[in-house]
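>>> Here's a sequence, model it:
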Amino acid sequence: MLFAFSWLILSLAISSSLAGKPLDVTFPDALPVGSHNVVDDNFIGISWELSSFDTLWGKTVETIPHAMQNYLHNVITRLSKPLRIRVGGNGMDGSTYVPNLKSFLEFTDPNAYFNDVPVNFGPIMFDVMNAMYDAVGPMQFILGLSMRHPEDTSNVVTLAKAAEAHFGNRLDAFLLGN
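Numbering: from 1, shown residues only. Prediction:
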């Protein structure tokens, strides 16, 4: 025990003697002339889990909550570039895009882990997202594409093509996997 304590004291003494002096760093109050901010103000967007997305943004174009419109509009008015909206999450990796689904989404596993809820979802999602854009202001959409089963990309390609067709230049990016 005494040996261990002595070793600790010795190692602390050696490390403190080898440590350099503190380095003071100062930053100018303003950017130097000719410089500009390299991080856009929309660098950080908002990410939404697919399985709960319809409860937050509305199940149809007609049921988009005013509170969410107000929230997103207030964020957008503070940006000089479109707000980035990501839809994906753990549940997206186990979810399936169903082009002829008549509802926004449907749950497929009643016993799913709360943080990984797979759903079937359809084109109403695109309609709701576009309607929100029209109501609150410019957004760029980022959509997760499932890579849980990389040997079968048919649904991923179908979703990507549908997203591109529905969003047009509002589509910012696809994310492969969560």
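>>> Go ahead and name everything in contact with stretch 48-62.
For stretch 48-62, the surrounding residues in contact (Cβ atoms under 8 Å, 6 or more residues apart in numbering) are 64-65, 68, 85-92, 95, 103-105, 107, 117-119, 121, 124-125, 127-129, 131-132, 144. Any C-beta I mention is one placed from the backbone N, CA and C, and that applies to glycine too.
>>> give me that answer again for 7 Å
Contacts to stretch 48-62, defined as Cβ atoms under 7 Å, 6 or more residues apart in numbering, come from residues 64-65, 68, 86-89, 91-92, 95, 104-105, 117, 119, 121, 124, 127-128, 131-132.
>>> Of those, grab the buried ones for ChimeraX.
Entered in ChimeraX, the line below selects the buried ones among those, by 16 or more other Cβ atoms under 10 Å:
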select :64,86,87,88,89,91,92,95,104,105,117,119,121,124,128,131,132
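>>> ok, which stretches of this protein are helices?
2-18, 50-57, 66-76, 90-93, 124-136, 154-167 (DSSP state H).
>>> Which of these sits closest to residue 173?
helix 154-167 (10.4 Å; Cβ to Cβ).
>>> could you check the angle helix 124-136 makes with the closest one?
Going by axes from the mean of the first three to the mean of the last three Cα atoms, to 10 degrees, helix 154-167 is angled at 30 degrees with respect to helix 124-136.
>>> can you pull the buried residues of helix 154-167?
155, 156, 159, 160, 162, 163, 166, 167.
>>> Also stretch 45-60?
For stretch 45-60, the neighbour count (16+ other Cβ under 10 Å) marks 45, 48, 49, 50, 51, 53, 54, 57, 58 as buried.
>>> same deal with stretch 113-123?
116, 117, 118, 119, 121, 122, 123.
>>> And the closest residue to the second one other than its chain neighbours, how close does it get to residue 106?
Going back to what we said before, that points to residue 117. Leaving aside its sequence neighbours, residue 117 sits nearest to residue 51 (Cβ to Cβ, 6 or more residues apart in numbering; 3.7 Å). For residue 51, the distance to residue 106 equals 11 Å [Cβ to Cβ, to the nearest Å].
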